[in-house]
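Peer 1: what would the 3D arrangement of this be:
(2 chains)
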Amino acid sequence: MAASITDSRRSDRLAGLVGLSVMLVVLTFNALIALVALSPELERLRHSSLEATQALAISLADDVGRAVALGIPLEEIYQADQYLQNTLIASPEASAVAVVDGNEQMLYQAGIAMSEASEVVRTPILADRQTVGAVLIVPSHDIVHEAMLHLIALGLAVALVAGCAVGAWFRIQRLERVDLPRARFVAGGRSVARGHFADYSPPASGSPFRPLGILAARLTTPVRRAHRILLALADEVRALDTAGAHAKDIAQSVAPVAPYWFERARLSGIAQAGGAWWIAIAFALGEATRGLTASFAADRIGNDPFATIAVGGAVGADALGSVLGLLFALALKGRYAKAAIAVGLALAGVGLGITIQLRDPLTFVAMQMLAGFGLWLALFSALCQRGTLTRLPWRAALLLLAAWATGPVIGGILAEAEGRRLAYATVGAALLAMALLSLLVPSRPRLSQRARPRLELPAGIALFAIAMAIVTWADIHLAVTQLRENYAHLALNFALIGTASLLPFAMGLRLPPASAVALALAALGAATVVSVPAVVVSMALGLGLGIAVSAARAGGFTGTGALALLTGALAAALIEISSYWTQITVVPVTAAVLVAALALTLATGGGRPIADRDA
Amino acid sequence: MRGISRTIVFVIAAIVAMVGFAAVAARVVERGEEALAEARLGVVLTKADETIERGLQLGLPLSELQQVEPVLDRAIATSDDILAVDVFSQTGVTVFSTDRGAVGQPVPQAWTNAIAEHRNRLPWRASERETETIGTDATNDFGQTEGWVALILARDALTSPLSRLPPVLTKAWALILVGAAVMALVGTLILRGLRRPFERAEAALAQAIDGDPLDAHLKHRDALLASIAAAAVTTRRAEEAVADASGRLSRLDDEL
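Peer 2: Next up is the predicted model:
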C-alpha cells in the first residue's frame, strides 16, 4: 500500500515521540529536583508545623492553667471534652488533643488515641507557677502531607504540559514545514509525470525541501530550455515558409511534444495572507485575566450566596461583550480595520487596567463587558482585514487556540508574582501599548473574503457551545472554589486545558465529535462525583474542547464557531447566576444538557468518524 | 542548522518546565508556611478577639473594655514575631494598643483597604514596607462589627511570595543544567534521523539528473520517491520528444 502524500502518520509518531521524550526527561529531573532541592524545604515546613502545634499547646495550657488558678479542679473543668473537640476542629495542624494530670492520668481527650501517635507535643499546665498537668497534642502534619501530594501532582502536571506543548509545537512545525510542502512536492512530481513542466520555484531558503527543489529544477530545466529553443526554431521556420507550403510539415514536426505542457506557474496568494501573529499576542494578553475574573468578582461580595450572581455576571458580561464585539467586527467586514483594532485594544486595555481601582461588583461587571467587546472587536477586525480568517483558517484557528491557552498562564504567573490587581493593571497597560503600536503598523489593503468555512452540522454548533460551557464552568469553579487565590496552580490547570485542547489538532486525532461530549461528560462526572485530581479533569476537559473544535476543522474559529464558543461561555455564566434562585448547582443542569447534546450528536451523524462523513 | 534550532527549542522548553516546577513548588511550600504561620498567629488573634467579643456581649462599648489591655499584653508575649497588637474602632481610630502611643491615632490606609477587600468573617491581611498586619473583626451579639483586632508582625514573620525560590534554585541549578544537556542529547538523537527521507529523495533525483532510469522506484511505497521516479521517466520521454521535434524542424530549416 502506498504511503500518503503527506506521510502525516510518520509526523504524528515523531511528534508523539518528541512529546513523550520531553515529558520523561522533565518528569525525571523534576523528581530529582524535588529530592535534592525541595526535601530541605519540606523539612522546614515540618518544623513550622511542629511550631504551630506548640503554639496551640501553649495556648491551651494557658487557658486550662488560668481555670485551675481560679480554683476549678483540673479534673472538674466544665465541658472540657467539648472544648478540646472544638479546638481540634478549628486546628487542622493537630490530630489529637489531651489533658493529663500530674500523675499522667488522662483526664480529657479528643481525636485519635494517644497510644497510636508516634509523635506528641507536650506543654506543662502551670497554675500559680505549679505544674498541675500537661497538654498533649499529636501533630497531624496535614499541611506537610498536602504539600507533598501537591508537589507530586505538580511534577506530573508540569511534565505533561511540557511534553504536550513541545509535541504539539513539533507537530505543527512538521505540518507547516514538511507535510504540506511534501504534499505540494509530490503533487508537483505527479504533475510533471503527467507532462506538465511548469516553472516550479524552489522552496524558500531554510526549507528542508529547498535542496530537493533545486535538484528538481535541474531535472526539468534542460527539457524546458530545449522546448524554448524548439519554439524559437519553429517560429524561424514559419518565418522562412512565407507561402505556407510547409505548414503541415511544421505541425507534424512539433507533434511529438504535443502531450506536454510548458506553461508558466501561477503565483499563489497563500503566502500573501497571514499576519495573525501579533493579534494572537494581543488575544493572549486579553485572555490573561480569564482565570482571575471569577475569583475577583466573588471577592467583591464575600461569602454571601449573592456571590454566584457576581461571578456569573462578570463571566457572562465578558462573553456578552465579546459576542457584541465579534458581531460588530463581522458587520464592518474588515472596513476601518485600523481604527477598529486600535479602539478595540484600547477599550480592552482600559476595561482590564482600571480593575486595579475597582471595589464595586457592578462596575467590575461593566468593565468586563467593555474589555470583552474591545478585545473581540480588535481580534476579528484584524482577521477580517487580513483575510486570515478565510484564507488560512487552519493557521488562524491554531494561533488563536494557542493564544487562548497561553493567556491565563501569563495572568496566573502575574497574579502570583505581583498580586491580582497589579496583574490586571499590567495586562491593561500592555494592551494599551499594543493599541498605540497598532497605529504604527502600515495599512494593508483589505483582502476579499471569498471562501466561507462553515460548521457542518447543527450538532457541531451544539458541541462547540457545550464544550465551551463546560470549560467555562471549570474556569469558574477552579478559580472560585478549588484553587482560590492559588494562582500558580490555576495557571498550571489552564495550561493543561489549553495544551490538551491543541492535541487533537496537532496529532490529527480523527475522533467522532460525539467523543468530545462523552469525554467532557466523564470529566464533569469525575470532577463532581468521584474525587479525581484537578490535573486529570483539566486534561479531559481540554481534550473534549479540542476534539469539538478539531471536528469543525477550518470552521473552528470563524465567525460562527467563535459565536458558538462565546454562547457556551454565556450559557455557563447564566446557569451560574440562576443557581442563586434555583439552588440547583451547575452539575445536574450541565449533565442534562450534555446528554441531550450527545443524543443530538449521534442522531445527526456526529458519532461517525470524520473520514466516514467526508466520504 | 534547523535541527540545532529545534533542539534548542526542546532544551528551552525543558529548562522552562524545570524552573517553572521549582517556582510553583516553592510557592506550594510558601503557602504551607503561610498557612502554618497564620494558624499559629490565628490562635493568638482568636483568643484576643474572643475576650473582646465577650465584653461586647455584656453590652459594653468597645472603648470601655478595660480588660482588653492585659489580653493584648499577653498576646504580644506569645511570639517574638508580634510587634504590636491593636484594637481599633469602626471609624479607624486605635482604641487599645500594646504601643500606648498609638492610642487615638488613625490606622494606616493599607489596613482600611485590606478590610474593604476581605471576605466576611475571614481574617484580613495588609502589607506595609516593614510590617505585615493580620486582623479580624470584633462583632457584637447582633453580628455587627464594632471594631477590629490587628496583630502587627515583622515583615519576615509571614513568608512573602517567591521568597523560597532563590534557595530552591541554588540547590537545583546543577540538576537543571544536566536536565537541559540530557534533553539536548535526546533531541539530537530524535532529530538526527529526520533528514534521511530527504537524503534518499535527493540521491534519487541526482541519479535521475545523471540519466539513471528510476523505474524501480515507480511503485515505491514512499510517495515522494515514486513521484520523483515518475517525473524522471516523463522528463526523459519529453526530452526525447523535444529532441525528435528539433531534429525534424532543423532538417526542414535546412531544406528551406
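Peer 1: can you get me the start-to-end distance on stretch A:201-211?
Peer 2: Stretch A:201-211 has an end-to-end distance of 12 Å (criterion: Cα to Cα, to the nearest Å).
Peer 1: can you give me the buried ones in that stretch?
Peer 2: A:203, A:207-209, A:211 (16 or more other Cβ atoms under 10 Å in any protein chain shown). The way it works is simple: take the backbone N, C-alpha and C, and place the C-beta from them, glycine included.
Peer 1: which regions of chain B lie under the pLDDT threshold?
Peer 2: B:1-4, B:119-121, B:213-214, B:216, B:218 (pLDDT under 70).
Peer 1: so residue A:97 sits in a strand?
Peer 2: Yes - assessed by DSSP: H, G, I helix; E, B strand; the rest coil, residue A:97 belongs to a strand.
Peer 1: how about it, what does it touch?
Peer 2: Neighbour list for residue A:97: A:60, A:84, A:87-88, A:91, A:109-111, A:135-138 [criterion: Cβ atoms under 8 Å, 6 or more residues apart in numbering or on different chains].
Peer 1: the residue in the stretch 1-150 of chain B that chain A sits nearest to: neighbour count?
Peer 2: Sorted by distance to chain A under Cβ to the nearest Cβ, the residues of the stretch 1-150 of chain B start with residue B:17, at 3.7 Å. If you count neighbours by other Cβ atoms under 10 Å in any protein chain shown, residue B:17 ends up with 29.
Peer 1: about what we covered before: of the buried residues of stretch A:201-211, which are in range of chain B?
Peer 2: A:208-209, A:211 (Cβ under 8 Å from any Cβ of the partner chain).
Peer 1: hang on, the earlier thing: which residue in the buried residues of stretch A:201-211 has the weakest pLDDT?
Peer 2: Within the set of these, pLDDT is lowest for residue A:203 (74).
Peer 1: can you show me the helices along the stretch 151-256 of chain B?
Peer 2: For the stretch 151-256 of chain B, the helices defined by DSSP state H, counting those that start in this stretch cover B:165-192, B:196-209, B:223-255.
Peer 1: packing partners of the first one?
Peer 2: Put plainly, it is helix B:165-192. For helix B:165-192, the elements it packs on are helix A:8-33, helix A:39-69, helix B:2-57, judged by 3 or more Cβ pairs under 8 Å, 6 or more residues apart in numbering or on different chains; DSSP states H and E.
Peer 1: quick one: distance of the last one to the chain centre.
Peer 2: If you compare the mean C-alpha spot of helix B:2-57 with that of the full chain, they lie 11 Å apart, counting by Cα atoms, centre = their mean, to the nearest Å.
Peer 1: of the helices of the stretch 151-256 of chain B, flag the one that's most buried.
Peer 2: Most buried of the helices of the stretch 151-256 of chain B, by mean neighbour count (mean count of other Cβ atoms under 10 Å in any protein chain shown): helix B:223-255, with a mean of 20.
Peer 1: packing partners for that helix?
Peer 2: Checking 3+ Cβ pairs under 8 Å, 6+ apart, helix B:223-255 ends up next to helix A:180-193, helix A:210-240, helix A:247-254, helix B:196-209.
Peer 1: what packs against the third one?
Peer 2: Based on contacts counted as 3+ Cβ pairs under 8 Å, 6+ apart, the elements that helix A:247-254 packs against are helix A:210-240, helix B:223-255.
Peer 1: again with the second one
Peer 2: The helices and strands touching helix A:210-240, judged by 3+ Cβ pairs under 8 Å, 6+ apart, are helix A:180-193, helix A:247-254, helix B:196-209, helix B:223-255.
Peer 1: end-to-end on stretch B:125-136?
Peer 2: 9 Å.
Peer 1: the helices and strands packed on helix A:210-240: which one's closest to residue A:478?
Peer 2: Nearest of those to residue A:478, taken as Cβ to Cβ: helix A:180-193 at 36.8 Å.
Peer 1: so is that closest one next to chain B?
Peer 2: Yes - against chain B, helix A:180-193 shows contacts by Cβ under 8 Å from any Cβ at A:182, A:185-190, A:192-193.
Peer 1: so which of the helices and strands packed on helix A:210-240 gets nearest residue A:291?
Peer 2: Closest among the helices and strands packed on helix A:210-240, using Cβ to Cβ: helix A:180-193, at 34.3 Å.
Peer 1: between helix A:210-240 and the closest one, find me the angle.
Peer 2: 30 degrees (axes from the mean of the first three to the mean of the last three Cα atoms, to 10 degrees).
Peer 1: hey, C-alpha coordinates of helix A:180-193 in CSV?
Peer 2: The C-alpha trace of helix A:180-193 is given here as CSV (Å, rounded to 0.1, in the frame of the first residue of the first chain):
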residue,chain,number,x,y,z
LEU,A,180,2.3,20.3,3.5
PRO,A,181,5.5,21.1,1.4
ARG,A,182,5.9,17.4,0.8
ALA,A,183,2.3,17.1,-0.4
ARG,A,184,3.0,20.1,-2.7
PHE,A,185,6.2,18.5,-3.9
VAL,A,186,4.6,15.1,-4.6
ALA,A,187,1.8,16.8,-6.4
GLY,A,188,4.3,18.7,-8.4
GLY,A,189,6.2,15.5,-9.2
ARG,A,190,3.0,13.8,-10.3
SER,A,191,2.1,16.8,-12.4
VAL,A,192,5.5,16.5,-14.2
ALA,A,193,4.8,12.8,-14.6
